[in-house]
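A.B. asks: Next come a sequence and a model predicted from it.
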Amino acid sequence: AQTVTQSQPEMSVQEAETVTLSCTYDTSENNYYLFWYKQPPSRQMILVIRQEAYKQQNATENRFSVNFQKAAKSFSLKISDSQLGDTAMYFCAFMKHGANQAGTALIFGKGTTLSVSS
Amino acid sequence: DTEVTQTPKHLVMGMTNKKSLKCEQHMGHRAMYWYKQKAKKPPELMFVYSYEKLSINESVPSRFSPECPNSSLLNLHLHALQPEDSALYLCASSQVRDRAGNTIYFGEGSWLTVV
């Protein structure tokens, strides 16, 4: 069975600073996908970034980037130039490759609450 | 703007009421999901529909009844709920076969309170 662990329940950062959120996972699969979702107080779960396990290059999306270490089963999210709007709960999630029957869906970590202050 | 639309955004119902949550997507996705989320917790999968057929039921009590009338719509019928069923209910959709790993897109959620 796959598990996803986020070891930081809460984190704080000042505007314009950089922060890294940690995520580790456990799987025996070789092909899979990893995601970071953001859920602000408005409640909507928003996709931040995704990574295919077969790709060695780390995914980036503007101020968001990941450090994907497949051997270590680590998938951290770096937020550069933090903004007040980044305040949210961040979930790391795992999906098996080949879950194209839409049966496996996502396995979520417990989340990290990030607060960005001015 | 979300492309998965949920109504209503808030619902208060008594334990003897019958109500429904509705979800609509126009992204051409053929998989749709219901998740339940308690405060400060990750979402928990309830149901998955693939090509309008129920493919996963995560042992959800029968007081929750899903329905997928067509590829764009997903309903969750509620009857005889308990106060512990109060939660945020998230609808989501995805492609069934997608090179990008079936990325799942969520709606804004319907906040349900059972009194």
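C.D. replies: Cool, the structure landed.

A.B. asks: Now do the end-to-end distance for stretch A:77-86.
C.D. replies: Using CA to CA, to the nearest Å, the end-to-end distance of stretch A:77-86 comes to 13 Å.

A.B. asks: Name the residues that touch the helix or strand that A:W36 is a member of?
C.D. replies: Taking DSSP states H and E as the criterion, the element that holds A:W36 is strand A:32-39. Contacts to strand A:32-39, defined as CB atoms under 8 Å, 6 or more residues apart in numbering or on different chains, come from residues A:2, A:21, A:23, A:25, A:45-53, A:64, A:66, A:68, A:75, A:77, A:86, A:88-97, A:106, A:108, A:111, B:100-103, B:106. (Glycine included, C-beta is placed from N, CA and C.)

A.B. asks: how about the strands of chain B, start to end?
C.D. replies: Along chain B, the segments classed as strands by DSSP state E run B:4-7, B:10-13, B:18-25, B:31-37, B:44-50, B:53-57, B:64-70, B:73-79, B:87-94, B:105-106, B:110-114.

A.B. asks: B:T7 versus the most centrally placed residue in chain A, what's the distance?
C.D. replies: Among the residues of chain A, the one closest to the centroid is A:W36, at 2.8 Å (CA atoms, centre = their mean). In this view, A:W36 and B:T7 are 28 Å apart by CB to CB, to the nearest Å.

A.B. asks: and what of B:C68?
C.D. replies: Using CB to CB, B:C68 is found at 16 Å from B:T7.

A.B. asks: returning to that earlier point: now the strand holding A:W36 - C-alpha only, PDB.
C.D. replies: This file holds the C-alpha atoms of strand A:32-39, laid out as PDB (Å, rounded to 0.1, in the frame of the first residue of the first chain):
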ATOM      1  CA  TYR A  32       3.600   6.900 -10.600                       C
ATOM      2  CA  TYR A  33       2.700  10.600 -10.400                       C
ATOM      3  CA  LEU A  34       3.100  13.100  -7.600                       C
ATOM      4  CA  PHE A  35       1.200  16.300  -7.000                       C
ATOM      5  CA  TRP A  36       1.100  19.300  -4.700                       C
ATOM      6  CA  TYR A  37      -2.400  20.800  -4.100                       C
ATOM      7  CA  LYS A  38      -3.100  24.000  -2.400                       C
ATOM      8  CA  GLN A  39      -6.300  24.700  -0.400                       C
END
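
A.B. asks: what are the pairing partners of that strand, and which direction each?
C.D. replies: As defined by DSSP bridges, the strand partners of strand A:32-39 come to strand A:46-52 (antiparallel), strand A:88-96 (antiparallel).

A.B. asks: Touching, B:E44 and B:Y35? I think so.
C.D. replies: Yes - judged on CB atoms under 8 Å, B:E44 makes contact with B:Y35 at a distance of 6.2 Å.

A.B. asks: Pull out the buried positions in stretch A:109-117.
C.D. replies: By neighbour count with 16 or more other CB atoms under 10 Å in any protein chain shown, stretch A:109-117 contains the buried residues A:109-112, A:114, A:116.
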